[in-house]
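**Student:** Dropping the sequence and predicted coords here.
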Amino acid sequence: MLCVLKRNLYIYFLLLQILAGQYCYGQNNCRDTLFDNFKNNVLIELENNHGKGVQLDEETRESYLLLLSTHSIETLLPYVEDPIPVVRAQIFYGLIIKNADTTILKEIVNKHLNDTAKFTTGSTDVIIQWTVIESMQAHMNSLIYNKRSNADLNGWIENIRCMRYENERYSPIAGVHHGIIDKDSLLKLSSLSYSIDGFKTISFTITTYSIIGGTARERTFRSRHGMTRRIKRAIGKSKPGDRIFFDDIKVKFPDKLIRTMTPIALKIK
């Protein structure tokens with residue numbers, strides 16, 4: 001079932017992004033905003049994971065698929081030489097998705113035979129380390145299974161946007177991108193308030209995690225009254241890079257049953 005409201009909003013912004021991208025191509029010195037957006041999302045993930053790798057979360061995947069669906073094979077080719085290893089590898093995979101000619105793909109692989117720069121991908125449970133050439137060769141070996149059409153790309157984008165819309169709809173904290181939030185935005189919260197009628201937060205546990213003088217410091221609070229003064233004082237002392245965890249979130253649903261929601265992990269911007 002499609003998310004109708006989400007679909008209308010995102011189609012509007014998608015058109016704006018595509019028009020902006022097309023306008024850029026008419027300007028000799030204009031940077032490629034779609035590629036820049038994808039690369040910026042990768043850089044945010046790398047920073048968030050201390051340079052260890054990327055998970056290609058929903059925001060990054062959406063920007064990646066939008067880039068692939070909008071650009072031709074020819075305009076993607078220069079990005080295979082990007083300085084960031086995971087970007088080089090993902091652009092190459094994108095060329096496979098877009099059914100680039102095998103001759104072109106083989107030329108790229110031959111050019112990168114000595115490209116042993118390392119990167120990691122995966123979730124918190126499964127982490128895979130690659131070199132760029134290993135990634136390219138692995139994708140080449142599975143070429144027959146990975147071919148997709150632009151119609152598929154549009155469907156993938158729609159699915160990701162639907163998931164993002166639902167996640168944001170059920171999230172009690174606004175302004176979170178890649179798990180990162182501005183401290184002032186967090187301090188403005190009075191509680192974990194869900195935007196859906198009939199959802200009421202009963203209680204939650206919040207833990208602040210910071211490094212002070214090289215020593216890790218944790219403070220945990222249990223609240224039945226929203227973001228109390230003690231909690232806000234602890235958050236107010238946090239620094240960029242500190243972590244905030246909301247756990248054991250109890251919410252009363254419209255059917256009057258109390259359920260435990262998914263924990264929320266945040267990083268202070």
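**Tutor:** Alright, I've got the coordinates.

**Student:** ranges for the strands of this structure?
**Tutor:** Using DSSP state E, the strands of the chain run over residues 118-122, 127-131, 180-181, 200-212, 215-223, 243-252, 258-261, 264-268.

**Student:** Mind putting those into a markdown table with mean pLDDT and mean neighbour count?
**Tutor:** From N, CA and C alone the C-beta is placed, and that goes for glycine too. Listed next are the strands of the chain as a markdown table, based on pLDDT from 0 to 100; neighbours: other Cβ atoms under 10 Å:
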| stretch | mean pLDDT | mean neighbour count |
| --- | --- | --- |
| strand 118-122 | 85 | 17 |
| strand 127-131 | 86 | 15 |
| strand 180-181 | 87 | 18 |
| strand 200-212 | 88 | 16 |
| strand 215-223 | 88 | 12 |
| strand 243-252 | 91 | 17 |
| strand 258-261 | 88 | 13 |
| strand 264-268 | 87 | 18 |
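
**Student:** May I see those organised as a markdown table, with distance to residue 234 added?
**Tutor:** Putting the strands of the chain into a markdown table (distance: least, Cβ to Cβ, whole Å) gives the following:
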| stretch | distance to residue 234 |
| --- | --- |
| strand 118-122 | 32 |
| strand 127-131 | 31 |
| strand 180-181 | 15 |
| strand 200-212 | 5 |
| strand 215-223 | 5 |
| strand 243-252 | 9 |
| strand 258-261 | 21 |
| strand 264-268 | 12 |
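
**Student:** Nearest to residue 100, out of those strands?
**Tutor:** strand 127-131 (20.0 Å; Cβ to Cβ).

**Student:** Next one: residue 140 relative to residue 263, how far apart?
**Tutor:** Residue 140 sits 39 Å away from residue 263, going by Cβ to Cβ, to the nearest Å.

**Student:** Same drill for these two, tell me which one is more crowded.
**Tutor:** Between residue 140 and residue 263, counted using other Cβ atoms under 10 Å, the more crowded position is residue 140 (17 against 12).

**Student:** I'd say that one and residue 104 touch.
**Tutor:** No. Residue 140 is beyond contact range of residue 104, at 11.5 Å (criterion: Cβ atoms under 8 Å).

**Student:** Common neighbours of these two, please.
**Tutor:** Common neighbours of residue 140 and residue 104, using Cβ atoms under 8 Å, 6 or more residues apart in numbering, do not exist here.

**Student:** Nearest residue to residue 245 in space, please, no chain neighbours.
**Tutor:** residue 207 (4.5 Å; Cβ to Cβ, 6 or more residues apart in numbering).

**Student:** The one you found touches residue 247, doesn't it?
**Tutor:** Yes. The criterion here is Cβ under 8 Å, and residue 207 meets it with residue 247 at 6.9 Å.

**Student:** Just to check, residue 132 is in contact with residue 114?
**Tutor:** No. The criterion here is Cβ under 8 Å, and residue 132 misses it with residue 114 at 9.7 Å.

**Student:** Among these two, which residue is more densely surrounded?
**Tutor:** Between residue 132 and residue 114, counting by other Cβ under 10 Å, residue 132 is the more crowded of the two (22 against 9).

**Student:** For the residue nearest to that one when sequence neighbours are not counted, grab phi and psi.
**Tutor:** Among residues not flanking residue 132 along the chain, residue 115 sits closest, at 4.1 Å (Cβ to Cβ, 6+ apart). The phi and psi torsions at residue 115 (degrees, to the nearest 10) take the values phi -80, psi 80.

**Student:** Please apply the same query to residue 176.
**Tutor:** Backbone torsions for residue 176, taken as degrees, to the nearest 10, come to phi -100, psi 130.

**Student:** list the contacts for the residue lying closest to it once chain neighbours are set aside?
**Tutor:** Using Cβ to Cβ, 6+ apart and skipping the chain neighbours, the partner closest in space to residue 176 is residue 266 (6.6 Å). Residue 266 makes contact with 173, 176, 179, 180, 181, 186, 243, 244, 245, 246, according to Cβ under 8 Å, 6+ apart.
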